[in-house]
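sequence and predicted structure, then a few things I'm wondering about:
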Amino acid sequence: MAAPPDEAVFKKPFDVPAGPSTGNPDDAESSLDKPMKEKAKENLSEEQEVERRKLQLLVSAFSEEQLNRYEMYRRASFPKAAIKRLMQTITGGTSVPPNVVIAMAGIAKVFIGEIAEEALDVMEEWSDHGPIQPKHMREASRRLKRKTPMTNSRHRSSRF
């Protein structure tokens, strides 16, 4: 038996009326909800616009050094291939969807940012100057571990 041509498979079996009412009572409710949904979208877009303006005002007040640092922060990212490979190793070879890889890369960026901020606090406490050094990062990591429990991948205890 021959397979139907692609055109026959993707054609609609019948024409659907284009009006707002299709005889389904749920459609009447959804048409009433449309103005509310549009208003919510408008509020969301207004909030986004306000946030964008605030960020624009903040960035315009940056010094040259702050602006360079902000640009570097925006451009920085973890390589998606490396994140995916690491996640597949941890999950035992299970494929990882691209959205999960992107989310994990974002989480990693935030985590590293927290360690860097803590390292700057350590430098200030120790009255050190200049760039962050490994000793500051180690101390920051130790402090964050104490504040919030983090898993330690090096030391795994046997479960059995």
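All right, it came through fine. Numbers count the residues shown, from 1 in each chain.

list the contacts of stretch 72-81.
Outside of stretch 72-81, the residues within contact range by CB atoms under 8 Å, 6 or more residues apart in numbering are 98, 101-102, 105, 108-109, 113. C-beta coordinates here come from the backbone N, C-alpha and C atoms, glycine included.

quick check on those residues: which are buried?
101, 105 (16 or more other CB atoms under 10 Å).

take the contacts of stretch 72-81 and keep only those in strands.
The members of these all map outside strands under DSSP state E.

so residue 86 is in which element?
Element membership of residue 86 [criterion: DSSP states H and E] is helix 80-91.

convert that helix to PDB, retaining C-alpha atoms only.
Once non-C-alpha atoms are left out, helix 80-91 reads as follows in PDB (Å, rounded to 0.1, in the frame of the first residue of the first chain):
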ATOM      1  CA  LYS A  80      27.400  25.200  26.300                       C
ATOM      2  CA  ALA A  81      29.200  22.200  25.000                       C
ATOM      3  CA  ALA A  82      31.200  21.800  28.200                       C
ATOM      4  CA  ILE A  83      28.100  22.300  30.400                       C
ATOM      5  CA  LYS A  84      26.300  19.700  28.300                       C
ATOM      6  CA  ARG A  85      29.100  17.200  28.500                       C
ATOM      7  CA  LEU A  86      29.400  17.700  32.300                       C
ATOM      8  CA  MET A  87      25.700  17.200  32.800                       C
ATOM      9  CA  GLN A  88      25.700  14.100  30.600                       C
ATOM     10  CA  THR A  89      28.500  12.700  32.700                       C
ATOM     11  CA  ILE A  90      26.600  13.400  35.900                       C
ATOM     12  CA  THR A  91      23.400  11.900  34.600                       C
END
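
quick one: mean pLDDT over it.
If you average the pLDDT over helix 80-91, you get 94.

in that helix, which residues are buried?
83-84.

just give me how far it sits from the chain centre.
On the basis of CA atoms, centre = their mean, to the nearest Å, helix 80-91 sits 17 Å off its chain's mean C-alpha point.
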